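J.: no sequence on hand, only this structure:
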């Protein structure tokens, strides 16, 4: 009988308002590196919860930026452990826009989106020190 690792399927979500200070491009666009940093934060929490150690990011795979993220958005970034090796953990990430600024109505107006917009997806591999987990 094969024992299934309890870390498989472990998932966490972080929500964040995207401040205007992070807009780097016309149209209040935020660069993709912002999302990669949030993926790293989610990976850190997954490693802490699953292994009791922050772990280290080793690689991203299949990073896809699917829709823009803008200043004033509220985004949710999720990560789910999809593979567990001796020291490696494979994680699938997704960033979704949940709310979007509506500057055409007023400087502080915003809308909750009926359907979240998938802004980015990626796979990633983290490693934890030998002997943890």
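T.: Happy to help now that I have it. Fair warning: this is a prediction, and the values are worked out from it, not measured in the lab.
J.: how close does residue 87 get to residue 125?
T.: 10 Å (Cβ to Cβ, to the nearest Å). The way it works is simple: take the backbone N, C-alpha and C, and place the C-beta from them, glycine included.
J.: brain fart, residue 93
T.: According to Cβ to Cβ, residue 93 stands 11 Å off from residue 125.
J.: and the two? which has more neighbours close in?
T.: Neighbours per residue (other Cβ atoms under 10 Å) separate residue 93 from residue 125, with residue 93 holding more: 23 against 17.
J.: can you give me the strands in this protein?
T.: Assigned strands in the chain, in chain order: 11-17, 23-25, 29-30, 56-65, 74-84, 88-101, 110-127 (criterion: DSSP state E).
J.: which of those has the lowest average pLDDT?
T.: Ranked by mean pLDDT, these end with strand 23-25 at the bottom, a mean of 89.
J.: what's in contact with it?
T.: By Cβ atoms under 8 Å, 6 or more residues apart in numbering, the list of residues contacting strand 23-25 from outside reads 29-31, 70-71.
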